[in-house]
Structures are given as C-alpha cells and as structure tokens.
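Asker: Give me coordinates for this.
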Amino acid sequence: MATERRRLGRDTLTIATGAAEVLLVANKPGLTETGGGHGAKGVDFQRWWAVLRMLELEQSNAPDFLLLFEAVQDVTELDSLSAPTKAAIYQVKKKDTGTWSWSVLTGTSAPKQPKSAKKIAASGPAAPVSTVAPSFDNVGNSVFGKIHLSLMAFEKLPAEGIFISNAGCDVPLASGANAATSLPCVLSDLAADHAQLLTDALHTLCAAGAPLPDLKRVRVARVAIHPDDPSAPAVAKALELLAQRSPGHAAQARAFVESLVMKVSALGRRTATCATFDELVKERGFSRAEFHTALSSLATIPDRNALFESWLTKLQQEGFDFRALTTMRMAAAKVAAEQLTGPSPEAHSIDLFCDSWAQTNACGPNLKPYVDAALVAMKANFGQYRDEELLARFVMRVITT
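Answerer: Below you'll find the model as predicted:
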C-alpha cells in the first residue's frame with residue numbers, strides 16, 4: 001500500500017509539474033513568436049500547418065494532443081490536455097524563395113571551408129590565419145537561438161524543438177549531404193565544424209556552469225505547403241481522414257479544414273498573461289476533444305450524395321429522361337470536387353442564382369415541374385452551360401440550403 005501511495009504521488013507530481021511548467025514558460029517574456037516579418041501570409045502559413053498537424057496526429061491515432069498558439073514560440077504541442085508529459089516547441093516559418101542561410105538560422109557566420117592543396121598552390125604564399133573569434137551577438141535572435149532559449153526554460157518537462165518551413169536549410173551535414181535536400185534531420189547531424197560552432201554559439205545563451213547544449217533536441221523539417229496556396233495539403237489530408245471515418249462527408253473536406261483554421265486564428269490573437277493552466281488552454285489551446293467535436297458536427301450534416309440520389313430517383317419516377325439523369329450524376333461529381341478546390345467565379349454565380357431562385361419559388365408535391373421551371377430561369381442567365389450541369393448544380397444547392 002505504501003508503495004502504491006508513493007507511485008500515485010509521483011504520478012500526481014508529474015501531472016502537476018507538467019501543466020504548471022508549461023504555464024510558467026508561457027508567461028515568460030521573450031519566448032513567444034508574434035507574426036514576424038512575413039505579415040499575413042506568414043501567419044496563414046502557420047495556421048494551415050497547425051491544422052495539417054492536427055490531422056496528422058488524429059490519423060496516427062495519437063491518444064491525446066493539445067496545441068497552444070503563440071504561447072511558447074509559434075506553436076507548442078503537448079501530448080495531453082490535462083496531464084502533459086512532453087512538449088514539442090515549433091517555429092513555423094514560410095519562405096517565398098531560396099533556402100534558409102546559416103546566418104539567419106544561427107546568428108553567426110559559417111565556418112570558412114579550407115582550401116584544397118591545388119588552390120593553395122595557385123594562390124601563392126598563405127595569408128596569415130585569422131584569429132578573430134566568431135561573433136555570437138545575434139545568436140539569441142536567430143531561429144535556433146530562440147528555440148534553444150525556449151528549451152532551456154523547461155527544467156522538468158521533456159521538450160524538443162522543431163523548425164518547420166516550406167524551404168530547406170542550406171547547411172552541410174556530416175554525411176556530406178546538405179540539409180536543404182536531406183530533411184528532416186537533427187542538428188547533431190550537421191558537419192562537425194558547423195555542429196561545434198553552433199554548440200559554442202548556443203552555449204553563450206546558457207547560465208554559467210551549464211552543460212553544453214544537446215543538438216539532438218532540435219530538428220528541422222520541410223513541409224510541402226506553398227505560401228500562395230497553404231490550404232492544399234490540409235484539404236488533401238482531411239479528405240483522407242474523412243474517406244476513412246465518414247465517406248459520405250468527404251466532399252466537405254475543405255469546409256472542415258477552413259472551420260478549423262478560423263478557430264485557431266482567434267487563438268493566435270490572444271496574448272494576455274494567463275493565471276492558470278486551464279485559462280491558458282481556454283485562451284490559446286486547441287485539443288483533440290475539440291477536434292473530435294468539429295469532426296462529429298459533420299455527422300449532423302446530411303449526406304449530399306444520398307439526398308441527391310433520392311431526388312434523381314423521384315425525378316425518374318416522374319418520367320425524367322434516364323440519360324439526362326446519368327449526365328446529371330456526372331456533373332454532380334464535378335460540383336462535389338469543387339468543394340475541395342473551390343468553385344470558379346462563374347460556378348459561384350450559378351450557385352448564388354440557385355439560392356436566390358429557390359428562396360422565392362416553393363416546391364410542390366412533384367419535383368419535375370419545379371426543376372423544369374428552375375432550368376428555364378437558369379438558361380436565361382447561363383445559356384452557355386449544358387442543361388444537365390445546370391440541373392445538377394441546382395439540385396445540389398437546394399438539398400443543402
């Protein structure tokens with residue numbers, strides 16, 4: 001019994017310590033990233049990546065997760081809503097062109113590469129070897145410097161740092177490759193001279209007598225998110241998840257992820273100091289439970305395909321041409337695909353017209369007269385489209401509005 005009490009005591013301490021330390025670190029000044037120099041596109045990139053990360057965690061059947069926004073760096077990922085036992089600290093940055101340079105990543109100058117024997121012979125007498133020590137003045141404001149400062153703030157909760165970007169990092173690896181084309185990797189994979197310089201640089205941020213930084217605690221990874229179209233990977237991942245969990249709602253993948261982005265966007269704007277961990281979660285957190293709530297809400301939305309088929313069955317019973325119904329099914333598949341990619345301006349105009357017409361024209365006991373009247377009105381405005389496509393768009397709008 002005494003042993004059991006001691007075990008429970010350790011577990012309770014771990015739970016309390018994890019949550020308390022996250023709150024403590026989140027309230028420390030200087031450890032939060034807020035926007036940076038990339039403006040709205042950079043913020044959008046972070047939000048869409050965060051939604052993609054949620055989908056990845058859910059698809060991997062993670063027991064639990066909590067994402068905190070603008071708490072410690074850009075995003076802090078915890079393994080539990082109430083009892084975190086580890087943390088992942090993310091810096092998430094987009095880059096429009098090129099790769100990330102050593103100086104931006106570390107705040108230092110890259111080690112000079114030794115000349116080959118042939119180049120030395122051709123260059124004449126050797127110049128005096130520079131004895132000027134590298135400058136570490138800007139390390140604390142660099143990408144890896146900020147991540148290291150955040151990791152140092154966690155004294156009890158195990159934490160790792162991750163730099164996420166759409167661009168590669170132009171730094172050499174010990175294997176002879178370059179991180180720009182060999183991601184993901186941990187910083188301990190760097191070429192020996194670069195790893196040593198980075199260790200020395202990060203060590204200047206530590207208190208006197210502190211151990212050397214562990215480069216294995218920080219990794220860099222590249223994501224295929226284009227800054228000009230950051231939604232595409234998240235929509236594709238949501239489509240995969242919905243196809244597994246709720247095939248009837250797969251066409252709502254875009255609407256689903258857009259709703260998640262709207263939710264997390266509000267969280268990133270709240271930067272006031274929080275008094276408790278629960279308040280921190282409420283103000284800046286998004287949990288797996290909330291993700292499931294959003295996912296479950298899709299179940300309350302009728303299956304568009306089933307409703308569409310019920311209308312086509314009724315139209316066939318009322319004498320609608322079978323070949324026209326077949327073409328309507330093909331057109332409906334195109335309309336459903338637009339839910340993932342977004343409709344064209346012309347298609348959007350048709351949708352708005354359908355909504356307006358349906359609001360002012362009631363449907364009687366038979367569908368065919370109602371659909372025929374709608375087609376006449378649509379052809380007067382959109383005569384360049386085939387009848388079956390207009391009918392498919394009309395029915396798809398009516399059954400979901």
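
Asker: how about the strands in the protein?
Answerer: 66-69, 75-78, 87-93, 159-165, 185-186, 218-222, 285-287 (DSSP state E).

Asker: In a markdown table: the ones you listed, plus mean pLDDT.
Answerer: Below are the strands of the chain laid out as a markdown table (pLDDT from 0 to 100):
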| stretch | mean pLDDT |
| --- | --- |
| strand 66-69 | 97 |
| strand 75-78 | 98 |
| strand 87-93 | 97 |
| strand 159-165 | 98 |
| strand 185-186 | 95 |
| strand 218-222 | 97 |
| strand 285-287 | 97 |
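
Asker: among the ones you listed, which is nearest F144?
Answerer: Put simply, out of those the one that sits nearest F144 is strand 218-222, at 6.4 Å, with distance taken as Cβ to Cβ. C-beta coordinates here come from the backbone N, C-alpha and C atoms, glycine included.

Asker: Determine how far that closest one lies from the middle of the whole chain.
Answerer: The chain centroid and the centroid of strand 218-222 are separated by 15 Å, computed with Cα atoms, centre = their mean, to the nearest Å.

Asker: residue nearest the centroid of the protein?
Answerer: Within the chain, the residue whose C-alpha comes closest to the C-alpha centroid is W49; the distance, by Cα atoms, centre = their mean, is 1.6 Å.

Asker: Could you measure from that residue over to N141?
Answerer: The gap separating W49 from N141 is 22 Å, by Cβ to Cβ, to the nearest Å.

Asker: Likewise for L241?
Answerer: Relative to N141, L241 is positioned 38 Å away (criterion: Cβ to Cβ).

Asker: ok, those two, which is more surrounded?
Answerer: L241 (20 against 11; other Cβ atoms under 10 Å).

Asker: I'd like the strands of the chain laid out as a markdown table, including distance to D355 and mean neighbour count.
Answerer: Conversion of those to a markdown table gives the following (distance: least, Cβ to Cβ, whole Å; neighbours: other Cβ atoms under 10 Å):
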| stretch | distance to D355 | mean neighbour count |
| --- | --- | --- |
| strand 66-69 | 35 | 24 |
| strand 75-78 | 38 | 25 |
| strand 87-93 | 37 | 23 |
| strand 159-165 | 40 | 23 |
| strand 185-186 | 51 | 16 |
| strand 218-222 | 42 | 20 |
| strand 285-287 | 32 | 21 |
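
Asker: what's the closest of those to T271?
Answerer: Among the strands of the chain, strand 66-69 comes nearest to T271, with 9.6 Å by Cβ to Cβ.

Asker: That closest one: partners in the sheet, and parallel or antiparallel?
Answerer: On the basis of DSSP bridges, the sheet neighbours of strand 66-69 come out as strand 75-78 (antiparallel), strand 285-287 (antiparallel).

Asker: any idea how far it is from the chain center?
Answerer: Average the C-alpha atoms of strand 66-69, do the same for its chain, and the two points are 12 Å apart (Cα atoms, centre = their mean).

Asker: Which residue, other than its chain neighbours, is closest to the residue nearest to the centre of the chain?
Answerer: Distances taken as Cβ to Cβ, 6 or more residues apart in numbering put V92 closest to W49, at 5.2 Å, once the chain neighbours are dropped.

Asker: Kindly report the same for G364.
Answerer: Ranked by Cβ to Cβ, 6+ apart and with sequence neighbours excluded, the top spatial neighbour of G364 is Y370, at 6.3 Å.

Asker: Distance to N178 added to the strands paired with strand 66-69, as CSV?
Answerer: Putting the strands paired with strand 66-69 into CSV (distance: least, Cβ to Cβ, whole Å) gives the following:
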stretch, distance to N178
strand 75-78, 27
strand 285-287, 35
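
Asker: what about the residue lying closest to S349 once chain neighbours are set aside, how many neighbours?
Answerer: In space, not counting the residues next to it along the chain, S349 is nearest to F382; the distance is 7.7 Å by Cβ to Cβ, 6+ apart. Using other Cβ under 10 Å, the number of residues around F382 comes to 16.

Asker: where do the helices sit along the stretch 301-401 of the chain?
Answerer: With DSSP state H, counting those that start in this stretch as the criterion, the stretch 301-401 of the chain has helices at 304-317, 322-341, 345-360, 367-381, 387-398.

Asker: got the angle for the first one vs helix 322-341?
Answerer: Pointing back at helix 304-317 there. Calculated by axes from the mean of the first three to the mean of the last three Cα atoms, to 10 degrees, helix 304-317 forms an angle of 160 degrees with helix 322-341.

Asker: The fourth one now?
Answerer: Counting by the same axes, to 10 degrees, helix 367-381 lies at 60 degrees to helix 322-341.

Asker: Could you check helix 367-381 and say which residues are buried?
Answerer: 367, 370-371, 374, 377-378 (16 or more other Cβ atoms under 10 Å).

Asker: now those residues as a markdown table including distance to R397 and pLDDT?
Answerer: Output for those, formatted as a markdown table (distance: Cβ to Cβ, whole Å; pLDDT from 0 to 100):
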| residue | distance to R397 | pLDDT |
| --- | --- | --- |
| L367 | 14 | 94 |
| Y370 | 13 | 96 |
| V371 | 12 | 95 |
| A374 | 10 | 96 |
| A377 | 13 | 96 |
| M378 | 11 | 95 |
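
Asker: Show me where the stretch 51-200 of the chain dips below the pLDDT cut-off.
Answerer: Counting by pLDDT under 70, the stretch 51-200 of the chain shows low-confidence ranges at 113-132.

Asker: Let's see that with 80 instead.
Answerer: Applying pLDDT under 80 to the stretch 51-200 of the chain picks out residues 112-133.
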